[in-house]
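In: what's the 3D shape of this:
(2 chains)
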Amino acid sequence: MNKWEDNKAWFMVIPVFLVVAASAIIPLMTVVNYSLQDIFGPGQRVFVGLEWYKDALTDSRLHDALSRQLLFSSLVLLIEIPLGIMIALMMPKKGWGASLSLVLVALPLLIPWNVIGTIWIIFMRPDIGLLGAAINNMGVPFDHTASPFAAWVTVMMMEVWHWTPLVVLLAYAGLQAIPEAFFQAARIDGASTWAIFRYIQLPKMRGVLTIAILLRFMDSFLIYAEPFVLTGGGPGNSTTFLSIYLVKLAVGQFDLGPAAAFSIIYFLIVLLFCWLFYQVLLKVGTGEKS
Amino acid sequence: MARIDLKNLAHSYHPNPTSATDYALRKMDHVWEDGNAYALLGPSGCGKTTLLNIISGLLKPSEGQVLFDGQDVTALLPQERNIAQVFQFPVIYDTMSVFDNLAFPLRNRKVAEADIRVRVEEVAEMLELQDVLQKRAANLSADAKQKISLGRGLVRSDVAAILFDEPLTVIDPHLKLLLRRKLKQIHARFKLTMVYVTHDQLEALTFADQVVVMNEGRVLQIGTPQDLFENPQHTFVGYFIGSPGMNFLPCQMNKGVATVGDQQIPVGKDTENLSGNFELGIRPEFLQLHAEKSEGAHKVLIKEVENLGNCQIVNVQFAEQSLKVKLSEDQEVPVEYGFLQFPAQWIRLYADGDLVQNNQKLQPQPELAQ
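Out: Residues are numbered from 1 along each chain as shown, chains lettered A, B, ... in the order given. Next comes the predicted model:
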């Protein structure tokens, strides 16, 4: 085989390589470059080595934001995945009811993210908000701009309202793909509804649920627009998640170096968690030891 | 184990059926004996799966009753009927071991764990699954999975009937044979009533004691493989069973002689009082083709010879019609022209598709012609 012919394939890859380079690798490299320098202004920069990384890793506010972020993402997964599966199980399987419920469920996904924040600001306002005023009128003081607890509840509700539909759609698609014979066989075997869920529906949804968990983890870990609009990270720092803190650092204080170092760390954390999830989920239910 | 009675059974997927074509299953009345193996045979869409699902209880018939051992089970759910069903695609519980799969129907019925162990091991041994009992069912081959589906039916000691819905479709050809033999062994050992849906006549004929041939929602004939071969009750049965199917020639009957075009074929003594238009049917296997002229033979044009290795299919032209003749592999096929014999004892006459029986005046069969 001619060596030249053998390598021709690489030329075919060049267009894709260029696109990926321009869209991902070059910006990423710029960030790496920034993260190693102290930047005072255009043309005024000093190489500082790993200084910013040390700073970032010892920054207590970053630690706080990270633990807040982990708590938030865990809650998101714990609530949205079971809730999404439950809703998907309750949705009609065919007929006009199926189409209607799909449209209704998908509605929150069609709304721009910052609009969602705005909707929930109005919805939860203690004086005129439909839910906020209702809670306050029942004698429970509830103000997401004043109480960290109320802020968390509001952000969680918003997140669940916004993104559970994605889990529902994925789970629903997974359920629809199960051949009818499985349910017929289970009925003949005398299986209970729970057994059907546990031994047929859940195992058959494994693939789509893996995707749902990964997507929901990544998205919730990177969440920015909705809590930024709703609470701006407050009250205090109580809803300052990683990306909100990062933007405060980079845009608010214009500390490009530390912000870049922080971005890299952030990116690595997301990558690490996704890899872990993926490794675990690949093995769940296949009988291999993880 | 049970006898299955189908009483005035009919089913339509339309809410308000008006014409006969609205029925997926036309009105039928049958008794299927306890311990027999029945095969439902017919082309796709003939209603065989509908009938099977009605027997299993997955489908409620729009008319009529299903009786198991004289007891009306029409309104009962599948799990209350004591039947087992094996589907076209193997249904197994992916996350369970083979043992747990086989134990599942028993555990759902709250059978004691010790009894479960005994039953499962017994069934596993019979199905040759004992080596993989602790393995995950999901990692096995299609034929092993299909055995597990079958096993889940067999573990239940109270099972009334086992229903099969084209269970060998996804199995490799060489394993099909083994699995089919296994089914026969199990049938012989347990004397279970078995109902087997298939569109493959070879499968039906080798598996069943009684073959139920269906077409367009009607049961056309129930009989032994030999019956179906020698005495098809309907032209469809003649055409569908056998390879190639029965030959049919439109003819005029007069005084026991059928006239096809310009040719005359004596049909036999029972048909003297028949007159009018009929169809003459004869199996390719029963036609005789020779190179030399003999008494009562018709001269035919040889159009085509197909050698299938173990037999030869000869396409001949007779009275402007095409006929197929099946000859043994070693018989010499005449060149260009040959002489064809119609043995009278193998000639069957049909009117409107139905067999004309024993010289009786033709009567429409009331149950079938709804």
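
In: how about the contacts made by residue B:244?
Out: Residues counted as contacts of residue B:244 (CB atoms under 8 Å, 6 or more residues apart in numbering or on different chains) are B:284, B:313, B:324, B:326. Bear in mind the C-beta positions are built from the backbone N, C-alpha and C, glycine included.

In: can you add neighbour count, secondary structure and distance to residue B:140 and give these back as CSV?
Out: Listed next are the contacts of residue B:244 as CSV, based on neighbours: other CB atoms under 10 Å in any protein chain shown; DSSP: H, G, I helix; E, B strand; the rest coil; distance: CB to CB, whole Å:
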residue, neighbour count, secondary structure, distance to residue B:140
B:284, 20, coil, 42
B:313, 16, strand, 41
B:324, 18, strand, 43
B:326, 18, strand, 41
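
In: the stretch 101-250 of chain A: strands as residue ranges?
Out: For the stretch 101-250 of chain A, no strands are identified by DSSP state E, counting those that start in this stretch.

In: residues in it within reach of chain B, list them.
Out: A:179, A:181-182, A:184-185, A:187-192, A:195, A:199-200, A:203-204 (CB under 8 Å from any CB of the partner chain).

In: please list the members of those residues that lie in helices.
Out: Secondary structure from DSSP state H places A:181-182, A:184-185, A:187-188, A:195, A:203-204 of those in helices.

In: only whichever of the residues of the stretch 101-250 of chain A next to chain B are buried, select them in ChimeraX.
Out: Buried residues among these (16 or more other CB atoms under 10 Å in any protein chain shown), as a ChimeraX selection:
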select /A:181,182,184,185,187,188,189,190,191,195,199,200,203,204
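
In: middle-most residue in the chain, spatially?
Out: Chain wasn't specified; assuming chain A. residue A:219 (1.8 Å; CA atoms, centre = their mean).

In: switch to chain B, please.
Out: Note: chain B centre (CA atoms, centre = their mean) maps to residue B:41, 3.0 Å.

In: quick revisit: closest to residue B:272 out of the contacts of residue B:244?
Out: When the contacts of residue B:244 are compared for distance to residue B:272 (CB to CB), residue B:284 wins out at 27.2 Å.

In: coming back round to it: now the residue nearest to the centre of chain A: closest residue in space, sequence neighbours ignored.
Out: Nearest non-adjacent residue to residue A:219, counting by CB to CB, 6 or more residues apart in numbering or on different chains: residue A:163, 6.8 Å away.

In: where's that neighbour relative to chain B, distance?
Out: From residue A:163 across to chain B, the span is 28 Å (CB to the nearest CB, to the nearest Å).

In: pretty sure that residue contacts residue A:216?
Out: Yes - if you go by CB atoms under 8 Å, residue A:163 and residue A:216 touch, sitting 6.4 Å apart.

In: anything in contact with each of those two?
Out: In contact with both residue A:163 and residue A:216: A:76, A:80, using CB under 8 Å, 6+ apart.

In: so where is the chain shaky, pLDDT-wise?
Out: Answering for chain A, as no chain was given. By pLDDT under 70, the low-scoring segments of chain A are A:1-5, A:285-290.

In: chain B was what I was after
Out: B:1, B:269, B:358-370.

In: name the SS class of the closest residue to chain A within the stretch 201-350 of chain B, please.
Out: Minimum separation of the stretch 201-350 of chain B from chain A (CB to the nearest CB) falls at residue B:203, amounting to 19.1 Å. Under DSSP: H, G, I helix; E, B strand; the rest coil, residue B:203 falls in the helix class.

In: what of residue B:327?
Out: Under three-state DSSP, residue B:327 falls in the strand class.

In: chain B against chain A: which residues are in contact?
Out: For chain B, the contact set with chain A under CB under 8 Å from any CB comprises B:56, B:58, B:77-79, B:83-85, B:87-89, B:91, B:93-96, B:104-105, B:108-109, B:136, B:138-139, B:149, B:152-153.

In: so who does the residue nearest to residue A:219 touch?
Out: With CB under 8 Å, 6+ apart, residue A:163 has these contacts: A:76, A:80, A:108-109, A:216, A:219-220.

In: most surrounded residue in these?
Out: residue A:80 (24 neighbours; other CB atoms under 10 Å in any protein chain shown).

In: element containing that one?
Out: Assessed by DSSP states H and E, residue A:80 sits inside helix A:60-90.

In: now do that helix: distance to the chain's middle.
Out: Here the centre of helix A:60-90 is set off from its chain's centre by 8 Å, with CA atoms, centre = their mean, to the nearest Å.

In: again with stretch A:41-61
Out: For stretch A:41-61, the distance to the chain centre is 28 Å (CA atoms, centre = their mean).

In: for stretch B:153-173, same thing?
Out: Distance, stretch centre to chain centre, for stretch B:153-173: 16 Å (CA atoms, centre = their mean).
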